[in-house]
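I would like to see how this sequence folds:
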Amino acid sequence: MKKARILFLYRKLALTALLAIFIFAGKTSHSQSLIRHIHTYPDSVMGDYIRQDVRIQHQKDSANAFREMYGAIDHFKQKGKKRIVGYIYQAMAWLQRTNRQYKKSLLSADKAIATFSDISDKENLLYSIIFKAGLFQEIGKNNDALKLLFDMLKKHKGIPAYEFTIYSNIGETFLQMKNYSKAEEYLSIAENKFKEVLKRNSLIKETIINVYKNLGAVYHAKKQFDKASENFDKAMAKAEAVGNAQFMGPIYNELGSFYKETRKYEKAIECYEKSVPMKERDGNYASFGNAEANIGRIYTLMGRTSDAEMHLRKGYMIMEEIGTDRAGSLNAVQGLAELYKNNPAKAYPYLLEAFTLKDSVYADNVSAESARMEAIYENDKNAKKIDIANAQNKQLKKINELQASQKRWILIGLSIVLFLFAGAVWSYLGKRKSNKLLEEKNVEVIRQKMLVEQHNKEIVDSINYAQKIQAAILPAEEDFKKVLGDCFILFKPKDIVSGDFYWIAEKEKYTFYATVDCTGHGVPGGFMSVLAASLLNEIVNELGTHEPDQILNLLRTRIITALKQKGEAGENKDGMDMTICRFNRKTKELALASANNPVWIVKNGELTEVKPDKFPVGISPYENEPFTKQVFNLNNDDIVYTFTDGFADQFGGPKGKKLKYKNLAQLLINNSKHSMTEQSTMLNEEFEKWKGDLEQLDDICVIGIRV
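Numbers count the residues shown, from 1 in each chain. This is a model prediction of the structure:
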């Protein structure tokens, strides 16, 4: 309930143009003309006129816009123009919501509701309540939003235009709650109600665009891509008929995201490119820059480096010029870092900037969340005021009855306090001398404690920064899904920095991925993971080694050389256990090599174990033994599981014993019929249940991929 709901207000903001643009902005003659004819302007004409001017006025001087509104409220209250006062409260609520002043926006919405209720203006009362429902949704009170909407639905039964509007907003609320079945149900009802609406004004026509766009989003989330495409097309056709770029731009953006996920990259680029002039015409340069960045990231996936660089740099420059959309800047910077991932010198400055932007985006999100929490608190507080007032009447009677008794107890209490005070003074004088000596010792203890805490903070800060570096090296789970489709990664470091890590690369027709367990955990393990990831990139991406067994052979040689291992007594034995997989996306052929860690393949609920070579990637008595390559032909719905030993070795359960591989295998078989996302959740819950209050012993990494 965002743009569509804002448009509800725009259609009824006849006062706002008068107020925010003319009355207090110095254009007196134009203002007086509007005042004389305010009741003669059709809502559609005034709505279209206001839609541009209110936004421009607000963007130029937000604080002044609010001052003008308060002045206009006083003016029209004196004139007895209650409907216009209601329009002002509607406009004020929208502008306060735009500025994230959620508490004030709720109060303004309530004043608009009270005003329109007082004059029995049912249409504007409905729009104001729908706005408040949207505000509830934005601050996370979806149940309160649904209660408002369902209450309004009862009051407007049998009025198709109102039912259509309410059903569409109920459906969108369920969509935001990710309850896709309910969202589909109510949006479909809204679509049917649209057919019953005889008088279709501009608001109705714009709302049906939102219905089709939201149905497209529902089917997109449910992976019903044909239905998603059909509804996005309907939304676009309706938007083109209305000729409103504010609707067409977001739909093109949705379609771009949709086609990107379904790997129809050319169509995705076409949609993003169509959205650009819409956003530029609308003055939405942040979305313009984001679209350019999205186009660049798709070209990166397609391997068209020069096109990717051109669009990413354009998006980056737009975001730099705007300077306020940190999330959009992060999108462009991450895209450039991905583009240059095989060129560390170019990628490094963008990775550093990405770290800074992530902190800024996090701070922005915290600020917005604080505003939402304050609004929730204030709304709950207002709702309780009535209950408190009723309770206070009952308490007054009890207070009168208790006053006489309280006086007696006060006298008794004062006597006791005086007695205790005299005793405390006597005791204080006796202990004052010894306490002075104790204070001197405490000062030294506190000084030593502060030194220790400072040292600890410096150590923890360093480890946290190391974790950020490691996080930048690890591919995101979304990157895995983009390349391998339906999959999950359960990654649970024991400490801040992990010795376990995972890795992915694409070369020609193959996708390579690895599940790795380096010696140790924490900072030592983290150093090994950085070294191993760097060597894997060099071996696969630069040297072009594509056979899994040869990759492990060469990686072992590089590890031994890098750590200067000679097999002598007393030297470090650092290395790693790992599995490297090579997947052919066309033929579904899986080739792998594994050091110490087995691989499990589940077909139709039955598990096949692929035995590993029983020696590590590193110095060992078997360092001259070559690794073994194994090849398998997979079918659709086969699942490949790779993992480190942390999950199976965890102590827990009623007897505090190891979980063991046998139980892990049975757990994966039982869960295999579920989606990969559900499997990840179930696996994590089972681990936490098994571990209970015991300490996590090792880093954990489990990867599941459904063909």
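
residue ranges of the strands in the protein, please?
Ranges of strands in the chain, per DSSP state E, are 487-492, 500-507, 510-518, 575-584, 589-595, 599-603, 606-610, 617-618, 630-633, 639-643, 651-652, 657-658, 700-706.

for these, which one ends up most surrounded?
strand 617-618 (a mean of 26; mean count of other CB atoms under 10 Å). Every residue, glycine included, has its C-beta placed from N, CA and C.

related to what we said a few turns ago, export the strands of the chain to JSON lines and tack on distance to residue 290 and mean pLDDT?
Listed next are these as JSON lines, based on distance: least, CB to CB, whole Å; pLDDT from 0 to 100:
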{"stretch": "strand 487-492", "distance to residue 290": "27", "mean pLDDT": "93"}
{"stretch": "strand 500-507", "distance to residue 290": "25", "mean pLDDT": "91"}
{"stretch": "strand 510-518", "distance to residue 290": "28", "mean pLDDT": "93"}
{"stretch": "strand 575-584", "distance to residue 290": "32", "mean pLDDT": "93"}
{"stretch": "strand 589-595", "distance to residue 290": "37", "mean pLDDT": "96"}
{"stretch": "strand 599-603", "distance to residue 290": "40", "mean pLDDT": "96"}
{"stretch": "strand 606-610", "distance to residue 290": "43", "mean pLDDT": "94"}
{"stretch": "strand 617-618", "distance to residue 290": "42", "mean pLDDT": "91"}
{"stretch": "strand 630-633", "distance to residue 290": "42", "mean pLDDT": "95"}
{"stretch": "strand 639-643", "distance to residue 290": "35", "mean pLDDT": "97"}
{"stretch": "strand 651-652", "distance to residue 290": "45", "mean pLDDT": "92"}
{"stretch": "strand 657-658", "distance to residue 290": "49", "mean pLDDT": "90"}
{"stretch": "strand 700-706", "distance to residue 290": "30", "mean pLDDT": "95"}
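
any chance of the ones you listed in TSV, plus distance to residue 80?
Formatted as TSV, the strands of the chain follow (distance: least, CB to CB, whole Å):
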stretch	distance to residue 80
strand 487-492	64
strand 500-507	69
strand 510-518	72
strand 575-584	75
strand 589-595	79
strand 599-603	75
strand 606-610	79
strand 617-618	84
strand 630-633	82
strand 639-643	72
strand 651-652	73
strand 657-658	80
strand 700-706	68
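
Can you tell me which of those is nearest to residue 293?
strand 500-507 (20.7 Å; CB to CB).

Adjacent strands (with direction) for the closest one?
strand 510-518 (antiparallel) (DSSP bridges).

what is the orientation angle of the strand it pairs with with strand 700-706?
160 degrees (axes from the mean of the first three to the mean of the last three CA atoms, to 10 degrees).

Just the residues contacting stretch 223-237, thanks.
By CB atoms under 8 Å, 6 or more residues apart in numbering, the list of residues contacting stretch 223-237 from outside reads 209-210, 212-213, 215-220, 247-248, 251-252, 254-255, 258, 262.

residue ranges of the helices in the stretch 51-200 of the chain, please?
62-78, 82-98, 102-118, 122-138, 142-155, 160-176, 180-196 (DSSP state H, counting those that start in this stretch).

Tabulate those in CSV, adding columns for mean pLDDT.
CSV is the format used below for the helices of the stretch 51-200 of the chain (pLDDT from 0 to 100):
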stretch, mean pLDDT
helix 62-78, 73
helix 82-98, 81
helix 102-118, 86
helix 122-138, 82
helix 142-155, 84
helix 160-176, 85
helix 180-196, 87
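
so can I have JSON lines of those helices showing distance to residue 308 and mean neighbour count?
Below are these laid out as JSON lines (distance: least, CB to CB, whole Å; neighbours: other CB atoms under 10 Å):
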{"stretch": "helix 62-78", "distance to residue 308": "37", "mean neighbour count": "16"}
{"stretch": "helix 82-98", "distance to residue 308": "34", "mean neighbour count": "24"}
{"stretch": "helix 102-118", "distance to residue 308": "39", "mean neighbour count": "21"}
{"stretch": "helix 122-138", "distance to residue 308": "35", "mean neighbour count": "23"}
{"stretch": "helix 142-155", "distance to residue 308": "39", "mean neighbour count": "17"}
{"stretch": "helix 160-176", "distance to residue 308": "32", "mean neighbour count": "24"}
{"stretch": "helix 180-196", "distance to residue 308": "33", "mean neighbour count": "18"}
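
how about those helices, which one is nearest residue 537?
Per CB to CB, nearest to residue 537 of these: helix 180-196, 38.8 Å.

for the nearest residue to residue 82 once chain neighbours are set aside, what are its contacts?
Distances taken as CB to CB, 6 or more residues apart in numbering place residue 119 nearest to residue 82, at 5.1 Å, with adjacent residues excluded. Counting by CB under 8 Å, 6+ apart, residue 119 touches 82-83, 86.

got a pLDDT number for residue 119?
Listed pLDDT for residue 119 reads 87.

Equivalent analysis for residue 450, please.
Looking at residue 450, its pLDDT reads 66.

do the same with residue 243
So residue 243 comes in at 69 (pLDDT).

what does residue 394 give?
pLDDT, read off for residue 394, is 60.

follow-up on the earlier one: kindly reformat the helices of the stretch 51-200 of the chain as JSON lines and extend each row with distance to residue 334.
Shown next, in JSON lines, are those (distance: least, CB to CB, whole Å):
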{"stretch": "helix 62-78", "distance to residue 334": "31"}
{"stretch": "helix 82-98", "distance to residue 334": "27"}
{"stretch": "helix 102-118", "distance to residue 334": "30"}
{"stretch": "helix 122-138", "distance to residue 334": "26"}
{"stretch": "helix 142-155", "distance to residue 334": "30"}
{"stretch": "helix 160-176", "distance to residue 334": "26"}
{"stretch": "helix 180-196", "distance to residue 334": "28"}
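
Might you report the residue contacts of residue 189?
167, 171.

hmm, 7 Å instead?
residue 167 (CB atoms under 7 Å, 6 or more residues apart in numbering).

Tell me the spacing between the residue nearest to residue 82 and residue 112.
As for residue 119, its distance to residue 112 is 11 Å (criterion: CB to CB, to the nearest Å).
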